[in-house]
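Engineer: build me a model from this:
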Amino acid sequence: MRKILAIIGTSKSGKTSTVEYLVTNLVKKGLRIGSAKHVHHPDFSIDLEGKDTWRHANAGSKRVICLSEDEVTIIRKEKGPGYKLDDILKLYQDDEFDLIILEGFHWIVSSRNEVMKIITAKDVEDAKKRLNGTIPPILAITGKISNIHKGKSIKEIPIINIKDGENQLLNLVMDKLLINTDT
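Structural biologist: Next up, the predicted model:
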């Protein structure tokens with residue numbers, strides 16, 4: 001089974017900073033990381049109106065692939081009942097990853113016990129709201145809350161500050177996900 005870690009929390013709670021910290025440090029350890037970000041804005045599009053790829057899709061293409069020397073972008077134009085965890089994982093099937101990190105997707109991962117979770121929160125009340133309805137395993141709580149409550153815990157889940165220089169969260173993730181590396 002693939003190793004999956006979800007970073008879940010409210011807007012502006014520190015999700016992206018946590019993902020960036022983990023990806024940067026896990027890649028330095030030699031791991032291959034894939035990541036996915038949920039965008040909450042219903043009208044969001046990575047494609048820009050008037051650009052060639054937009055024009056392809058606007059003409060009716062359901063999948064537009066844009067290739068350059070350093071990047072491949074696949075734009076799928078589809079509406080459906082919403083993604084499920086298996087749908088997201090299929091997007092990674094063409095490559096081997098040591099870990100897939102999901103940012104957001106609370107509705108998909110909150111009740112999945114095979115997905116490790118890190119909660120990001122602004123404060124204690126925010127953390128408790130996000131913990132409500134989220135089943136273990138929950139590795140840690142981080143984000144803005146950790147600037148004030150570092151070293152404490154909520155429901156026996158440690159609050160960890162990623163900026164403390166001790167790499168406590170990185171070590172916890174590697175240990176809990178049984179990621180072994182010699183680098």
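
Engineer: residue ranges with poor pLDDT in this protein?
Structural biologist: Low-confidence segments of the chain (pLDDT under 70): 1, 41-42, 44, 80-81, 178-183.

Engineer: try it again at 50.
Structural biologist: Along the chain, segments meeting pLDDT under 50 span 183.

Engineer: what segments of the protein are strands?
Structural biologist: Secondary structure of the chain by DSSP state E: the strands cover 4-9, 33-37, 63-67, 72-76, 99-103, 116-120, 138-142, 153-154, 157-158.

Engineer: distance to residue 26 and mean neighbour count added to the ones you listed, as TSV?
Structural biologist: Using the backbone N, CA and C atoms, a C-beta is placed for each residue, glycine as well. Below are the strands of the chain laid out as TSV (distance: least, CB to CB, whole Å; neighbours: other CB atoms under 10 Å):
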stretch	distance to residue 26	mean neighbour count
strand 4-9	10	26
strand 33-37	5	17
strand 63-67	27	13
strand 72-76	22	12
strand 99-103	7	22
strand 116-120	13	27
strand 138-142	14	25
strand 153-154	24	14
strand 157-158	19	18
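
Engineer: make a markdown table out of these and add distance to residue 16.
Structural biologist: Shown next, in a markdown table, are those (distance: least, CB to CB, whole Å):
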| stretch | distance to residue 16 |
| --- | --- |
| strand 4-9 | 8 |
| strand 33-37 | 8 |
| strand 63-67 | 24 |
| strand 72-76 | 20 |
| strand 99-103 | 6 |
| strand 116-120 | 9 |
| strand 138-142 | 12 |
| strand 153-154 | 22 |
| strand 157-158 | 21 |
